[in-house]
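Peer 1: model the following, please.
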Amino acid sequence: MSDAAALLHPGAPDSVVLLHVPHSSRAIPADVRAGIVLDDRELETELDHITDAHTARIAAGAAGAARLTPWRFENRLSRLVVDPERFPDEREEMLARGMGAVYTRTTHRAELRPAGFDGGRLLERYFHPYARAITDAVEERLAAVGRAIILDVHSYPAKALPYELHGDGPRPPICLGTDAFHTPPALLDAAREAFADFGGTALDSPFAGTYVPLRYYGKDARVGALMVEIRRDLYMSEPGGPAGPGLEALARALAALVDRLSL
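Peer 2: Numbers count the residues shown, from 1 in each chain. The predicted structure follows:
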């Protein structure tokens with residue numbers, strides 16, 4: 001895959017679970033950095049707010065604790081390069097905030113890239129290869145075991161940021177993002193049980209939906225999917241601070257979910 005934008009960590013040959021970690025990295029290649037108008041201090045502040053800090057550690061801890069090791073697909077670059085979970089076209093509602101697949105605005109609605117910026121080169125270099133690679137990873141699970149379950153591992157701030165379209169709704173400790181086609185009731189029940197000890201779960205607030213590669217989206221029920229959005233004050237100092245003891249507990253809970261899905 002171009003520029004090592006993602007890394008697939010192999011799991012057990014018979015595991016159905018793929019942990020997807022799209023927003024944990026702060027890395028930005030130098031030539032991409034040159035197209036961002038923020039100064040270095042401003043960029044570090046933006047990365048503090050936009051990065052799902054430490055979620056790669058949570059996923060790695062879960063993989064290590066699970067009885068049957070899940071596969072992990074990890075984005076090695078910041079979502080300020082491209083956001084692999086956005087639609088790359090007019091279907092993406094976050095275009096209204098300047099935060100489609102290639103962001104032009106920050107979390108606080110300031111300019112990130114200059115007016116008229118053409119994100120096509122970034123889509124070709126990063127977005128489309130990433131999409132092909134995760135599609136291949138799902139296809140491999142389907143070929144090997146006949147089904148795949150994508151657990152999308154995210155975090156979100158305790159207080160809404162200005163870019164959020166639905167920030168006025170509940171902000172539970174654990175938000176479970178669902179899809180009517182790809183999130184069956186048994187998957188949702190397993191997640192509620194696994195995260196029962198963190199003060200409550202809620203559905204699709206403040207963030208809704210879950211990630212499924214477009215090849216399978218709305219077409220193949222063998223692909224299950226759930227987004228796990230963890231409120232950051234459960235495990236870290238906001239914004240962008242170090243992880244605390246809650247990280248290990250969340251990793252164990254995610255491992256418990258993986259174990260339930262592996263039965």
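
Peer 1: please make it C-alpha for all contacts and neighbour counts, starting now.
Peer 2: Noted.

Peer 1: tell me which element Leu176 falls in.
Peer 2: Here Leu176 sits within strand 174-177, counting by DSSP states H and E.

Peer 1: cool, Ser155 as well?
Peer 2: Using DSSP H and E, Ser155 falls within strand 148-156.

Peer 1: with Ala53 instead?
Peer 2: Using DSSP H and E, Ala53 sits within no helix or strand.

Peer 1: name the nearest residue to it, sequence neighbours excluded.
Peer 2: Leaving aside its sequence neighbours, Ala53 sits nearest to Ser24 (Cα to Cα, 6 or more residues apart in numbering; 5.2 Å).

Peer 1: and the one you found, that one's in a helix?
Peer 2: No. Ser24 sits outside any helix when classified using DSSP: H, G, I helix; E, B strand; the rest coil, being coil.

Peer 1: any stretches of the chain with poor pLDDT?
Peer 2: Low-confidence segments of the chain (pLDDT under 70): 1-4.

Peer 1: could you pull out the helices in it for me?
Peer 2: Counting by DSSP state H, residue ranges of the helices within the chain are 30-33, 40-50, 55-65, 120-122, 128-145, 185-194, 246-261.

Peer 1: for Tyr211, find the nearest of those.
Peer 2: Ranking the helices of the chain by their distance to Tyr211 (criterion: Cα to Cα) puts helix 128-145 first, at 10.6 Å.

Peer 1: just the angle for that closest one relative to strand 148-156, thanks.
Peer 2: 140 degrees (axes from the mean of the first three to the mean of the last three Cα atoms, to 10 degrees).

Peer 1: show me what helix 128-145 is in contact with.
Peer 2: For helix 128-145, contacts defined as Cα atoms under 8 Å, 6 or more residues apart in numbering pick out 1-2, 5-6, 8, 13-16, 18, 73, 84, 147-148, 213, 215, 222.

Peer 1: buried members of those residues into ChimeraX, please.
Peer 2: To isolate the buried subset of the contacts of helix 128-145 in ChimeraX, counting by 16 or more other Cα atoms under 10 Å, use the following:
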select :5,6,8,15,16,18,73,84,147,148,213
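
Peer 1: which strand residues bridge the closest residue to Pro184 other than its chain neighbours?
Peer 2: In this structure, Pro184 finds its nearest non-sequential neighbour in Gly224, 7.2 Å apart by Cα to Cα, 6+ apart. Going by DSSP bridges, Gly224 is paired in beta bridges with Ile149.

Peer 1: help me confirm that Gly224 comes into contact with Ile149.
Peer 2: Yes. Gly224 lies in contact with Ile149 (Cα atoms under 8 Å); the separation is 4.4 Å.

Peer 1: ok, and for stretch 192-202, which residues are buried?
Peer 2: Taking 16+ other Cα under 10 Å as the criterion, stretch 192-202 shows 192, 194-195, 198, 201-202 as buried.

Peer 1: now swap in stretch 140-149 and tell me
Peer 2: Buried positions in stretch 140-149, judged by neighbour count with 16+ other Cα under 10 Å: 141-142, 147-149.

Peer 1: and that stretch, end to end?
Peer 2: One end of stretch 140-149 sits 12 Å from the other (Cα to Cα, to the nearest Å).

Peer 1: quick one: distance of it to the chain centre.
Peer 2: Distance, stretch centre to chain centre, for stretch 140-149: 21 Å (Cα atoms, centre = their mean, to the nearest Å).

Peer 1: cool, stretch 54-61 as well?
Peer 2: Relative to the centre of its chain, stretch 54-61 is centred 12 Å away, using Cα atoms, centre = their mean.

Peer 1: ok, stretch 31-48 next?
Peer 2: Offset of stretch 31-48 from its chain centre (Cα atoms, centre = their mean): 21 Å.

Peer 1: ok, now stretch 224-244?
Peer 2: 11 Å.

Peer 1: and if you look at stretch 218-226?
Peer 2: Here stretch 218-226 shows a centroid-to-chain-centroid distance of 17 Å under the convention Cα atoms, centre = their mean.
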